[in-house]
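Asks: Quick one: sequence plus predicted model below, questions after.
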Amino acid sequence: MSDLDEPSPTTATVLTSNRQSATVDEVALARLARATLAGEGVLDAELSVSFVEEAEIEDLHVRYMDEPGPTDVLSFPLDDVDEGGTRLLGDVVIAPAVAARNNPLDPEAELRLLLVHGILHLLGYDHEVDAEKAEMWARQERYSGVRAP
């Protein structure tokens, strides 16, 4: 894991792990993650983002959500504080191959949307109720530049 595009002391640390074969602009996505966190007022924090193959996300989906098949993004909140006082937010896991199927005309846009979506879940946003969904979708679009269906 590495923190791409070194953060300043006033931005979050984003650790990335790319365990799949599709081309992913990790630097740009780490930058987007930090901008999203900053926009939400989260500065002294650490976030892990993993890009994985379908088999890995399918295993996680079955194991932790008890739902069959691969999904596009999963969030695993930790929300703890390390010994140095840094807030450990948790993990966002994204399957770029699934993202590409979701939006074959612009898979990069889909990756931005999924990353922001996963981060917002770690920060406590949800979309089970219409009012909450509207707020979350507005924030997703603001940060990612992508309108969710």
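Replies: Structure's in. What do you need? Since the model is a prediction, treat every value here as computed from it, not as a measurement.
Asks: Do a quick rundown of the helices in this protein.
Replies: 26-39, 54-65, 96-102, 107-122, 130-144 (DSSP state H).
Asks: Which of those helices has the highest mean neighbour count?
Replies: helix 107-122 (a mean of 23; mean count of other CB atoms under 10 Å). For the C-beta atoms, the positions are set from N, CA and C on the backbone; glycine is no exception.
Asks: list the contacts for the residue positioned nearest the centre of the chain?
Replies: Using CA atoms, centre = their mean, the residue of the chain that lies closest to the mean C-alpha position is L115, 3.1 Å off. Counting by CB atoms under 8 Å, 6 or more residues apart in numbering, L115 touches L29, L32, A33, T36, V49, V73, V92, I94, S144.
Asks: run the last query once more with 10 Å
Replies: 14, 29-30, 32-33, 36, 47, 49, 51, 73, 92, 94, 99, 140, 143-144 (CB atoms under 10 Å, 6 or more residues apart in numbering).
Asks: what would the helices of the chain look like in a markdown table with distance to G85 and mean pLDDT?
Replies: A markdown table is the format used below for these (distance: least, CB to CB, whole Å; pLDDT from 0 to 100):
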| stretch | distance to G85 | mean pLDDT |
| --- | --- | --- |
| helix 26-39 | 16 | 97 |
| helix 54-65 | 28 | 97 |
| helix 96-102 | 33 | 97 |
| helix 107-122 | 18 | 98 |
| helix 130-144 | 26 | 96 |
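Asks: thinking again about what came up before, out of the contacts of L115, who's nearest D66?
Replies: V73 (17.0 Å; CB to CB).
Asks: hang on, isn't the closest one packed against R112?
Replies: No. V73 is not in contact with R112 according to CB atoms under 10 Å; the separation is 11.4 Å.
Asks: Spatially, which residue comes closest to P96, not counting chain neighbours?
Replies: Excluding its sequence neighbours, the residue lying closest to P96 (CB to CB, 6 or more residues apart in numbering) is A22, at 4.1 Å.
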